[in-house]
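# okay, sequence plus prediction incoming.
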Amino acid sequence: MKPFRTTLLACAATAALLGSIWLPRVGSFVPAKISFAPLPYFVGSRIALTAVGLAPNAAWSVLGPARISKTNGGLRYLSLLAPGSAQVVAGDGRAIAARSVTVLPAPPKNATLIAVACYDDGVAFYDARTLSMLGVLATGGSPSDLAAAKGRLAVTDNDGSAFTVVTRAPWRVSYRPLSGSDEIAAAPDGTFFATLRDFAGLGAVARVSARPTVTKTGLTAEGIAFDARRDLLYVANVNDGTILELDARTMKPLARIAIGARVFSLALDADGSHLYAVRNGGLTDDDGDVVEIATQPRLHVVARSALLNLPLGVALDQRARRLFVTDEASDVIYVLDPQNLRALHAPLQTCHTPWDPTFDARSDRLYVPCARDNRLDIFDASTLARIPGAPIHTAGYPLSVAVWR
């Protein structure tokens, strides 16, 4: 740690960036801090800037391949424009703060990447072969889900209005206005659909484009599944206990089924004939379950699991006929038979607060982000054993995973 006087002089040396700011004397120095995670960030990142110990009208400046912008609502962002190093400085006449950030070039375009949506910090990328962390893409928002299709990766913004789309070759990061997007489904042609938990007082689903097509679905839209064979969407409405079926081309509702309170996550089998829904159970610990729904000739319930603690996310391994369901309270993964929803195996122990699991058929791996542990657990789906090196550390509050090839 640097001595106090040395640190102060280092901060004072950067004051020229701020123009004519009055510098405090040593005895009147007020500590201040610019807050963002100490991580290496990819070019194209947009980092939300906040400061502790500085007045709202503080002056901000930056040196290096970056720029600072401010929205009409008063939010301030640091956009990283090229690889290198940048330094952000802010001061208000009584205190000064500075932060440096390393700006990475784009990740290798031919590598298979594991992308993890981390609510606090952005999207963390890993080399799928070595499991080494490559860097983070900050989106300026709060990612809760992501999906890859046709060379593009889409990322939600659960608390804000920036829906992020990333391309690999060339590396390009773009933002589309979409308020409060939550979960994503991807069509093979690269079209993305996102649920909106609260849209004009109701939940909704959007077909994401330059001008999104939005359809209200029910109370608090959350889970989503896409049937590529028939161009159908399914949306789970947490607070009215229903699932809505929509035509994905017209975004018109087709059918609705009520399955019980707190329907949270959805998974669809390969031919679109069976939909699996997880009821989270809400504030109680004894009424969550998994519901199997046949989609033809009409939506109807065909099976229910035993009562579970607080089940949350779901992923289907169709080839091995296994349904994986995470439990956020028990820190386990249930392994169920998708035909009758009975247990096939003892629950797998995992890290703290497992969220939305992803099964990748090509690698035969199950990825489980653990929100309150800042870790990603990884299992061999054939043996149901952890792979060597798992779980691995992530950025803050990981919620979802996509394998991006």
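Ah, there it is.
# can I assume Thr102 is in contact with Pro38?
No - assessed by C-beta atoms under 8 Å, Thr102 is found out of contact with Pro38, at 9.5 Å. Where C-beta positions appear, they are placed from N, C-alpha and C, glycine not excepted.
# which one of these two is surrounded by more residues?
Thr102 (14 against 8; other C-beta atoms under 10 Å).
# Phe226: helix or strand, and which one exactly?
Phe226 is part of strand 221-227 when elements are defined by DSSP states H and E.
# residues contacting Cys370?
Each residue near Cys370 by C-beta atoms under 8 Å, 6 or more residues apart in numbering is listed here: Asp331, Thr350, Cys351, His352, Thr353, Pro354, Trp355, Leu376, Asp377, Pro391, Pro398.
# and it, how close does it get to Asp121?
15 Å (C-beta to C-beta, to the nearest Å).
# before we move on, what about Arg176?
From Arg176 to Asp121 the distance is 21 Å (C-beta to C-beta).
# neighbour count for those two, which is higher?
Neighbours were counted for Arg176 and for Asp121 using other C-beta under 10 Å; Asp121 has more, 26 against 19.
# tell me the SS of the closest residue to the more buried one other than its chain neighbours?
Nearest residue to Asp121 in three dimensions, chain neighbours excluded: Ala395, at 3.8 Å (C-beta to C-beta, 6 or more residues apart in numbering). Classification of Ala395 using DSSP: H, G, I helix; E, B strand; the rest coil returns coil.
# was I right about Ala395 contacting Asn374?
Yes - judged on C-beta under 8 Å, Ala395 makes contact with Asn374 at a distance of 7.2 Å.
# between these two, what contacts are shared?
Overlap of the contact sets of Ala395 and Asn374 (by C-beta under 8 Å, 6+ apart) consists of Cys118.
# show the average pLDDT along whatever helix or strand Val403 lives in.
Val403 belongs to strand 398-404 when assigned by DSSP H and E. Average pLDDT, strand 398-404: 98.
# give me the distance between the two termini of stretch 304-324.
End-to-end distance for stretch 304-324, by C-alpha to C-alpha, to the nearest Å: 15 Å.
# oops, could you answer that again for stretch 266-280 instead?
End to end - C-alpha to C-alpha - stretch 266-280 spans 12 Å.
# for the chain, give me the ranges with low pLDDT.
Residues of the chain meeting the criterion pLDDT under 70: 1-29, 72, 282-286.
# ok, Leu80 - contacts?
Taking C-beta under 8 Å, 6+ apart as the test, what Leu80 contacts is Tyr41, Phe42, Val43, Gly44, Ser45, Arg46, Ile47, Pro65, Ala66, Ala86, Val101, Val103.
# how near is the second one to Val368?
In this structure, Phe42 and Val368 are 24 Å apart, going by C-beta to C-beta.
# can you check the fourth one too?
For Gly44, the distance to Val368 (C-beta to C-beta) stands at 28 Å.
# more crowded one of the two?
Val368 (27 against 21).
# on that earlier part again, show me what the strand holding Phe226 is in contact with.
By C-beta under 8 Å, 6+ apart, strand 221-227 touches 182-187, 193-197, 199, 203-205, 232-238, 248, 263-268, 272, 275, 277-278, 295.
# in strands only, show me these.
182-186, 193-197, 199, 203-205, 232-237, 263-268, 275, 277-278 (DSSP state E).
# Phe202: how many residues sit nearby?
Not Phe; residue 202 is Leu. That count, for Leu202 with other C-beta under 10 Å as the rule, works out to 17.
# tell me the contacts of it?
Applying C-beta under 8 Å, 6+ apart, the residues near Leu202 are Lys216, Thr217, Gly218, Leu219.
# mind putting the residues you listed in TSV, neighbour count, distance to Val335 and secondary structure included?
Output for the contacts of Leu202, formatted as TSV (neighbours: other C-beta atoms under 10 Å; distance: C-beta to C-beta, whole Å; DSSP: H, G, I helix; E, B strand; the rest coil):
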residue	neighbour count	distance to Val335	secondary structure
Lys216	17	36	strand
Thr217	28	30	strand
Gly218	24	30	strand
Leu219	16	31	coil
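# quick one: which of the residues you listed is nearest to Arg405?
Thr217 (31.0 Å; C-beta to C-beta).
# that closest one contacts Val238, doesn't it?
No - at 10.7 Å, Thr217 does not count as touching Val238 under the criterion of C-beta under 8 Å.
# how close does Lys33 get to Asp198?
Counting by C-beta to C-beta - Lys33 and Asp198 are separated by 32 Å.
# for Ser382, same thing?
41 Å.
# got the domain ranges for the protein?
4-104, 113-404 (automatic domain parsing).
# could you identify which of these is most buried?
domain 113-404 (a mean of 20; mean count of other C-beta atoms under 10 Å).
# so for it, first residue to last residue, what's the gap.
End residues of domain 113-404 are separated by 5 Å (C-alpha to C-alpha).
# just stretch 118-137 next, same as before
First residue to last in stretch 118-137 (C-alpha to C-alpha) measures 10 Å.
# report the distance from it to the chain centre.
12 Å (C-alpha atoms, centre = their mean, to the nearest Å).
# would you say Arg372 is within a helix?
Yes - assessed by three-state DSSP, Arg372 belongs to a helix.
# show me what contacts the closest residue to it other than its chain neighbours?
In this structure, Arg372 finds its nearest non-sequential neighbour in Thr353, 4.0 Å apart by C-beta to C-beta, 6+ apart. If a contact means C-beta under 8 Å, 6+ apart, then Thr353 has Glu328, Asp331, Cys370, Ala371, Arg372, Asp373 as its contacts.
# measure Thr353 to Ala58 for me?
Counting by C-beta to C-beta - Thr353 and Ala58 are separated by 36 Å.
# residue ranges for the helices of this structure, please.
Secondary structure of the chain (DSSP state H): helices at 4-13.
# so what's Asp198 closest to, chain neighbours aside?
Gly180 (5.9 Å).
# follow-up on the earlier one: list the contacts of the residue nearest to Asp121.
Ala37, Leu39, Val116, Cys118, Asp120, Asp121, Gly122, Ala124, Val136, Asn374.
# what about the fourth one, distance to Pro83?
This points to Cys118. 22 Å.
# that older thread, out of the contacts of Leu80, list just those in strands.
Using DSSP E, the contacts of Leu80 in strands are Tyr41, Phe42, Arg46, Ile47, Ala66, Ala86, Val101, Val103.
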